[in-house]
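[1] Compute the structure for the input listed below.
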Amino acid sequence: LERFFHQTFDRYGIELVLHRASLAEAIPVLQQQKGELDVVLLDATLQYLNRRVVETLQAAGGCGLIALAPAGDQTLIGVMQGYGIGEVALPPYEGDDFALKIHGMALIRPGYKAAGAARVRVDPTRQLLTQRLIAITSPAGGVGKSTTAKELAGGLAFLGGYRVALVDYCNTGSLLFKLFFYPHEVLYYTHALHAISLDATSGRESLPEVVGRHLITWRPKDGEVHPTGQLNLVLAPPDPMMWADTNRLSYGFFTQVLDALLDNHDLVVVDVGQDTTLPAHAAALRKADLAIVVATPSEPTVDLVCEGLLDLVKAMGIPPEGSRRQIRFVLNKAEKELPIQARLVQDKMNAALRKSAPKVHVMPLGEVPLRTVEVETSRIKRAMACLAKPPTPFSRAFEAIARQVAPLSEERPEGQNRLTRLFRQ
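    Numbers count the residues shown, from 1 in each chain. As a prediction, this is how the structure comes out:
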């Protein structure tokens, strides 16, 4: 463990706060640190370990336990589970798999739980948020849709201070392989939609508890971020067999996952694929308060986006007379010298809807100069490009987009000022 914790804080955001070598030493120290710790690692071979001791440790620390068992001792693993320890780790105690176990256990510590569901305390400014579920979509591929979803979610979390869930309902795996460093094998069996769907069918936990246990918390490696901001991930590997199982991964299942996330988060950003009829995509679009269509200043791309607009309106269930739910667009790779500008794209999109949905108007949300350096930062370095210091045109563009979706940190009213602003609005 010494090697793992020596290098782990920079990569995983995990810090070893204290270490005690016996149960007699550990319990009073845990009581003093209650509320400050997320996880307790417990040597499964300690003497005098029983269910009552485990319950005492959980109560003393106010957090979950991970038992460290020796390799190959299946009997001991069963004993630990019988004691009520939710997670058992086997050697080697290092790497992505071990880090994910720690992050997962931190999210379900008893202090987060409320009656019957895994709930967390959320910011009271949620009541000011009118667009809490944002779907990022596009009929065209390769336009930067997943990058837009990642950067918008990161901006809302780390610039706005919100608790944000970023959900991968797109079966291409862009978020998993191109934008985050987590390995496919670990996610598939522990922290992906596949694992959530399997655990949800067991009936031992409610779906909100299952979803909370499988979340991954992503933290930037460096840079100043808002202290209350948090970005939780629900990723999905591009497994055709998994997505084809519509009995288990049904429209209702995907809707319930989004409901569980909305209960525990201020904002939910969903990366939606091109086919609006798939159960995952249909569920996200039907619940979306705001659909962001991503396009690029290319005539074939703009035409393809306009052709798919009516299908998007139908998938969202927006009536012809209009609705408070909005469709807006982001123009990626925008440059002033290009012939296609945001105004032209807006006119084309509204013209495509004029006959079938005359009351639905599409407005621009922002233009992003998606230069090569930002693509490398977001994809190759696995960093959050919207947090760049000093700011770049790319980071400024996404800050402006995030500001239109929700008030950012310096704008978020508190107490009486918040109520005053609400009445003024």
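[2] if I pick the closest residue to residue 309 other than its chain neighbours, what's in contact with it?
    Leaving aside its sequence neighbours, residue 309 sits nearest to residue 352 (C-beta to C-beta, 6 or more residues apart in numbering; 5.1 Å). Glycine gets a C-beta too; all of them are placed from N, C-alpha and C. Going by C-beta atoms under 8 Å, 6 or more residues apart in numbering, residue 352 touches 306, 307, 309, 310.
[3] which one among those gets closest to residue 2?
    For the contacts of residue 352, the closest approach to residue 2 (C-beta to C-beta) belongs to residue 309, at 57.0 Å.
[4] quick one, phi/psi of that closest one?
    Residue 309 has phi and psi values of phi -70, psi -40 when expressed as degrees, to the nearest 10.
[5] Out of the contacts of residue 352, which sit inside helices?
    Counting by DSSP state H, the part of the contacts of residue 352 found in helices is 306, 307, 309, 310.
[6] What's the separation between residue 81 and residue 67?
    For residue 81, the distance to residue 67 (C-beta to C-beta, to the nearest Å) stands at 9 Å.
[7] ok, the two, which is more surrounded?
    Set residue 81 next to residue 67 and count neighbours by other C-beta atoms under 10 Å: residue 67 wins out with 25 against 13.
[8] Okay, now the sheet partners of the helix or strand harbouring the more buried one, with direction.
    Counting by DSSP states H and E, the element that carries residue 67 is strand 64-68. Under the criterion DSSP bridges, strand 64-68 sits next to strand 39-43 (parallel), strand 87-89 (parallel) in its sheet.
[9] Between those strands, which one is closest to residue 153.
    Of the strands paired with strand 64-68, nearest to residue 153 by C-beta to C-beta is strand 39-43, at 24.7 Å.
[10] residues shared between the contacts of residue 81 and residue 67?
    residue 88.
[11] buried ones in the helix or strand following the strand holding residue 67?
    Counting by DSSP H and E, the next helix or strand C-terminal to strand 64-68 is helix 74-82. Buried positions in helix 74-82, judged by neighbour count with 16 or more other C-beta atoms under 10 Å: 77, 79, 80.
[12] tell me the angle helix 74-82 makes with strand 39-43.
    140 degrees (axes from the mean of the first three to the mean of the last three C-alpha atoms, to 10 degrees).
[13] list the helices and strands helix 74-82 packs on?
    strand 87-89 (3 or more C-beta pairs under 8 Å, 6 or more residues apart in numbering; DSSP states H and E).
[14] what's in contact with the strand it packs on?
    Against strand 87-89 from outside (C-beta under 8 Å, 6+ apart): 44, 64-69, 77, 80-81, 98, 101, 104-105.
[15] Spatially, what comes nearest to residue 273 if we skip its sequence neighbours?
    residue 170 (4.1 Å).
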